[in-house]
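Chemist: Pasting a predicted model and its sequence here:
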Amino acid sequence: MRLDIRVPAWATHYLSDHTDMDRRPQRVSAERVPRFTLNLPDDVRFEYAFRDADGRVRADPERGPTGSNPWYPEVTEVRGPAYEPHPLADPPAPAAPWPVTRHRIASRAFGETRRIAVASPPEVHGPLPVVVLHDGVAYQRLARTADVLAELNRRGRACPVHLVFVEPGDRRREYAWDERHIRFVHDEVRPLVADQHRTGAGWWAMGASLGGLAAATLALHAPDDWTGVIAQAGAFLGSPHERRHHGVEHSWLADRLETGAGAHLRWVLEVGTLDWLLAVNRRVRDALDGFGVDLHYRERPVGHNWGGWRDALPEVLAAALDPHAEGGCLQRLSGVGDEARAMPVAAAR
């Protein structure tokens, strides 16, 4: 599809999924170039905006603020004529909503009080696996992860789990190899959840963008404690010695994976073909493929934005929590009782 864009008179920069929005903006001038055209796939989902002289990010005035990006209140979303979100990306409200338990943690790692939320199936008949989600507010409210998983459970397409929503203070710092975050999750979040909720074998670390990097870092830090990693458009560039993700080509994560680190973990990765992180995600995929890792990888014609991640969430969760997979929650284990048979637990890896 061809997308014709007129440059507003007040615009100084053009921002889009191609530029990771305002991190690598392109200068524009309505006087010099009044309009330009983008050639995009017919099944694309794409976001863009402009920045004015005051530094404010504003939507295209001809199309309006149609996006749903929690980091940018005003963006314009474009969907190609063949774009189709997953049918369960906007699931029906469950008949029995998952109750949410909120916990306050006096964190020694951060030296302050942190809050987490845990969503669980309304009737837990046995211990359940756990998914720890970074950027928890976005996954909880914008993506409606509990409702998505409830519908997948109802259709027999995903195992029931506890969803642990973790929210950062300064995500750019804490999600980039921050030892405090690692200690917070391993020494404070996991013991609390295990003590207060019926947890079984199987812990997944999950996140989008920098949250995906944080999830992978946690799993590689203590691989025996994790089942796998779920990353949507993981920001896998940079290293603990150079905590930058723009203007760099090296990848600490890919380097580690190419040595065989994390080879016994399960990996579920998805990224957009219009995402500026596409190349490094492909390198991570190739590193995992080289060791025959249990990997689900998919590319979609989207950019780096929450709407695209929300639209892919049901597929991502179904791939990670497939009840029919080896060791999945529907596998009949020998020697289990009736209660465990009613809701079996994913086998430990």
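Modeler: Ah, there it is.
Chemist: for the stretch 151-300 of the chain, what spans make up the helices?
Modeler: Under the criterion DSSP state H, counting those that start in this stretch, the stretch 151-300 of the chain contains helices at 171-174, 179-183, 190-196, 210-221, 252-257, 278-289.
Chemist: so which of the ones you listed comes closest to residue 76?
Modeler: helix 278-289 (21.8 Å; Cβ to Cβ). Just so you know, the C-beta spots here come from the backbone N, C-alpha and C atoms, and that holds for glycine as well.
Chemist: Give me the number of neighbouring residues for residue 106.
Modeler: Using other Cβ atoms under 10 Å, residue 106 has 10 other residues around it.
Chemist: quick one: the nearest residue to residue 157 once chain neighbours are set aside from residue 151, how far?
Modeler: Once flanking residues are discounted, residue 157 sits nearest to residue 318: 4.9 Å by Cβ to Cβ, 6 or more residues apart in numbering. Taking Cβ to Cβ, to the nearest Å as the measure, residue 318 falls 11 Å from residue 151.
Chemist: same check, this time on residue 177
Modeler: 35 Å.
Chemist: Point out the other elements, helices or strands, that the helix or strand hosting residue 146 touches.
Modeler: Per DSSP states H and E, residue 146 falls inside helix 145-154. Here helix 145-154 touches strand 162-166, helix 306-320, going by 3 or more Cβ pairs under 8 Å, 6 or more residues apart in numbering; DSSP states H and E.
Chemist: hmm, who's touching it?
Modeler: For helix 145-154, the external contacting residues (Cβ atoms under 8 Å, 6 or more residues apart in numbering) are 88-89, 91-94, 97-98, 100, 119, 121, 133, 139-140, 158-161, 163, 165, 313-314, 317-318, 321.
Chemist: For PyMOL, write the select line for the buried members of those.
Modeler: Of the contacts of helix 145-154, the buried ones go into a single PyMOL selection, burial set by 16 or more other Cβ atoms under 10 Å:
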select buried, resi 88+89+91+94+98+119+121+133+139+140+158+159+160+161+163+165+313+314+317+318+321
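Chemist: Show me the chain divided up by domain.
Modeler: Using automatic domain parsing, the domain parsing of the chain gives 2-79, 100-342.
Chemist: tell me the mean pLDDT for the shortest one?
Modeler: Mean pLDDT, taken over the full extent of domain 2-79, equals 92.
Chemist: what's the span of that domain, first residue to last?
Modeler: 12 Å (Cα to Cα, to the nearest Å).
Chemist: Report the distance from it to the chain centre.
Modeler: 24 Å (Cα atoms, centre = their mean, to the nearest Å).
Chemist: Likewise for stretch 128-144?
Modeler: Chain-centre distance of stretch 128-144: 9 Å, with Cα atoms, centre = their mean.
Chemist: hey, C-alpha coordinates of the strand ranked longest in the chain in PDB?
Modeler: When the chain is parsed with DSSP state E, its longest strand is strand 199-208. Output of strand 199-208 as PDB, limited to C-alpha atoms (Å, rounded to 0.1, in the frame of the first residue of the first chain):
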ATOM      1  CA  THR A 199       2.900 -22.300  42.300                       C
ATOM      2  CA  GLY A 200       4.200 -25.400  40.500                       C
ATOM      3  CA  ALA A 201       7.000 -26.200  38.100                       C
ATOM      4  CA  GLY A 202       7.500 -23.800  35.300                       C
ATOM      5  CA  TRP A 203       8.500 -20.200  35.500                       C
ATOM      6  CA  TRP A 204       8.500 -18.000  32.400                       C
ATOM      7  CA  ALA A 205      10.100 -14.500  32.000                       C
ATOM      8  CA  MET A 206       8.300 -12.200  29.600                       C
ATOM      9  CA  GLY A 207       8.400  -8.700  28.200                       C
ATOM     10  CA  ALA A 208       8.400  -6.400  25.200                       C
END
